[in-house]
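Novice: The sequence and its predicted three-dimensional model are supplied below.
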Amino acid sequence: MTDHRYFIITSHGWSASNWVAHALNMHPQIICTHSARNVQADDPKLQSNQSLRQHLKQLHMGYLSRQEGPIDEKYAHIESLGDAKLYGSVHLLRLRDLPVLHQKYGRSRNDYRVLNLVRHPVHLVWSGYGQFKDLFRYDINELHWTLGKVLDISRDFVFDLADRYELYLGDYENLAFICAACILGSLKLDVDALKQVQNIPALNYKGHVQMEKMTSEPQTLEHTIETVSGGSLTASPEYLQEVYALGKINKHRKDSQRLTAEKRYASFTPWQQEAFNFYLKHFQLRPYYTEFGYDLAFLPE
């Protein structure tokens, strides 16, 4: 018998997942990987544009394998990275992947504590907009996949939007924002999977954590470590001080303004607000993210 423990922090992405993975990997008794590449989060520049371009094929393979292969198999790789008491990942898997993997491969041998990392939808879309403005320049697979979702879900809406606001849909910045807003549909896939995840043997779902608190409140990271380790690990003051001295890493947004969600939404152009509102309503996300503790009162019903 092993005394190793395992956790899965699910996340859509664009939610400081690289920061969280890197912070957890800094703990002396934790090995943590990040993203579909399933690589150890020991480099704060892991998700930089230079790194993404360098490892693009590996990343694409990771995307395709998220719903292939047992979870235990993915974690065997994490265990091979070194000795630790706690092995985990952030953004390797999303909530929507877990029921698929359980259906395909049955009960996992290991038990996993699962925590879902979330972010305010307004900030998430703005971050995604920033990343897509970089990513679409070199990752034509991502452009193809995401634009396909836009056309499948909302073809009539986007052409009508373009007519009313005299937008060129192929304009790089316009396309990046529309695609980022449409990705709200991925959040809906995750919340729809939640009830299934809660009923899967070997998965101990522990709720959600807001990235805004994780990156700014040491007590949230401390509580997260206690949660995912089942109380077997703690966070020392020295460790927490080192983590929060990191500051921000891998920032996707293209400005230096630190705005509230309400002010960020107010900074959107009218057509951007309409696009955001359309997808938020289309995917019926308001009640879920209100339940997660986010203020959406400033958004139109």
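Specialist: That came through fine. If you're wondering where the values come from, they're calculated on a predicted model, not measured in any experiment.
Novice: Double-check that R113 belongs to a strand.
Specialist: Yes: with DSSP: H, G, I helix; E, B strand; the rest coil as the criterion, R113 is located in a strand.
Novice: That one contacts S232, doesn't it?
Specialist: No: applying CB atoms under 8 Å, one finds R113 not in contact with S232, separated by 10.7 Å. Just so you know, the C-beta spots here come from the backbone N, C-alpha and C atoms, and that holds for glycine as well.
Novice: more neighbours, these two?
Specialist: R113 (19 against 13; other CB atoms under 10 Å).
Novice: Bridging across strands, which residues link to the more buried one?
Specialist: F7, N204 (DSSP bridges).
Novice: got a list of what it touches?
Specialist: Contacts here follow CB atoms under 8 Å, 6 or more residues apart in numbering; on that basis R113 touches 5-8, 204, 206, 227-230.
Novice: next one: A23
Specialist: 221, 243, 246.
Novice: count of residues packed around the second one?
Specialist: Residues near V243, counting by other CB under 10 Å, number 20.
Novice: Repeat that for the first one.
Specialist: With neighbours defined by other CB under 10 Å, the count for L221 comes to 23.
Novice: Equivalent analysis for the last one, please.
Specialist: When neighbours are defined as other CB under 10 Å, L246 has 13 of them.
Novice: Now do the SS call for it.
Specialist: Applying three-state DSSP: L246 is coil.
Novice: shared neighbours of R113 and S232, which are they?
Specialist: R5.
Novice: T215 and E222, how far apart?
Specialist: Using CB to CB, to the nearest Å, T215 is found at 13 Å from E222.
Novice: Between these two, which has more neighbouring residues?
Specialist: T215 (21 against 17).
Novice: Quick check, K85 in contact with P28.
Specialist: No: K85 lies out of contact with P28 (CB under 8 Å); the separation is 9.3 Å.
Novice: quick one, helices of the stretch 201-301 of the chain?
Specialist: 211-214, 218-228, 237-244, 261-267, 270-282, 286-291 (DSSP state H, counting those that start in this stretch).
Novice: Repeat that for the stretch 51-200 of the chain.
Specialist: 56-65, 71-79, 97-105, 121-138, 140-165, 172-182, 184-198.
Novice: Any chance of a markdown table for the ones you listed, columns distance to E291?
Specialist: Output for the helices of the stretch 51-200 of the chain, formatted as a markdown table (distance: least, CB to CB, whole Å):
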| stretch | distance to E291 |
| --- | --- |
| helix 56-65 | 29 |
| helix 71-79 | 27 |
| helix 97-105 | 20 |
| helix 121-138 | 13 |
| helix 140-165 | 24 |
| helix 172-182 | 21 |
| helix 184-198 | 9 |
